[in-house]
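Asks: quick one, structure for this:
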Amino acid sequence: MKISGHIAIVTGGASGLGKATAQALANSGAKVAILDMNPEAGKAAAAEIGNGTRFVPVDVADPAAVTTAVDQIVSEFGTIHIVANCAGIGTSTKILGQNGLVSPEWFTHIVNVNLTGTFNVIRSTIATLSANSPDANGERGVYINTASIAATDGQIGQAAYAASKGGIVSMTLALAREFANSGIRVMAIMPGIFDTPLLSKLNEKAKERLNQQIPFPPRLGHVQEFAELVQHIISNSYLNGEAIRLDGGIRMGFGRK
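Replies: Predicted coordinates:
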């Protein structure tokens, strides 16, 4: 599928991987709508990206709010062809820690944002993508969902995060098969350790320790590299039903704590 001239929505597009993706798609000629919880950052990102980029505030964990946001985008742009789900959260917490048992809400909140939020966006957009006129290859749209290497290499304290990202990986092929007759592809990206706001609190010494764990190149991933993979997935119509690791070859081991 071509990027230019098509309509894309990017969740979590106010910062990090999402913002880089929104910028890349806009630069390639797409009309982009950013969905994010942070109004200030979302408006700033849309203004910075330009090219008619719109910002719509929404909590992806709220299905009714997602449907309202999608309706607003379709009303303004006419349709949607590309959906990049980049919204997500992650905290590292042991189930049994120094302060006792973690609250059950910790687990459900992370899963609701990362996994259920991804599903909510897919659910609210699939009818629109299915109604698109097919291109020369019979393609009507593409979903690109953000998982993580934690889906297979989960670390101590990441039970909720790993479960949520593992769910995204697991539903990739199922959704690709479900949407195949409509000419809609579904892909997932499993990023490794990227230089995003989630890691901004780490000092340089801690970042350097992370760098040394990555085979090559021995550094944190750049958000632009994630966006470049998104662009390639969109343009390569034979990519479907797969989760791609983007991690410099890292395989996270067991670090006893």
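Asks: low-confidence ranges in the stretch 51-200 of the chain?
Replies: 200 (pLDDT under 70).
Asks: show me the helices in it, by range?
Replies: In the stretch 51-200 of the chain, the helices defined using DSSP state H, counting those that start in this stretch lie at 63-77, 104-111, 117-130, 150-153, 159-179.
Asks: state the distance from the closest residue to residue 15 other than its chain neighbours to residue 203.
Replies: Nearest in space to residue 15, with sequence neighbours left out and distances taken as C-beta to C-beta, 6 or more residues apart in numbering, is residue 197 at 5.3 Å. C-beta: built from backbone N, CA, C; applies to glycine. Separation of residue 197 from residue 203 (C-beta to C-beta, to the nearest Å): 15 Å.
Asks: more neighbours, these two?
Replies: residue 197 (13 against 7; other C-beta atoms under 10 Å).
Asks: help me confirm that the more buried one comes into contact with residue 16.
Replies: Yes. Between residue 197 and residue 16 a contact is recorded at 5.4 Å, counting by C-beta atoms under 8 Å.
Asks: count of neighbours near residue 198?
Replies: Counted with other C-beta under 10 Å, residue 198 comes out at 16.
Asks: for it, what are its contacts?
Replies: By C-beta atoms under 8 Å, 6 or more residues apart in numbering, the contact set of residue 198 is 16, 90.
Asks: likewise residue 123?
Replies: With C-beta under 8 Å, 6+ apart, residue 123 has these contacts: 63, 66.
Asks: what's the longest strand seen in the chain in contact with?
Replies: When the chain is parsed with DSSP state E, its longest strand is strand 184-191. With C-beta under 8 Å, 6+ apart as the test, strand 184-191 has contacts from 17, 126, 129-130, 139-149, 151-152, 165, 168-169, 172-173, 175-176, 179, 221, 226, 229-230, 233, 237, 239-247.
Asks: stretch 96-105 now?
Replies: 93-95.
Asks: if you set the cut-off to 10 Å instead, what comes out?
Replies: Contact with stretch 96-105 is made by 91, 93-95, 109, 112, 157, 159-160, as judged by C-beta atoms under 10 Å, 6 or more residues apart in numbering.
Asks: I'd like to know how far the closest residue to residue 92 other than its chain neighbours sits from residue 51.
Replies: Among residues not flanking residue 92 along the chain, residue 157 sits closest, at 3.5 Å (C-beta to C-beta, 6+ apart). Look at residue 157 and residue 51: by C-beta to C-beta, they are 40 Å apart.
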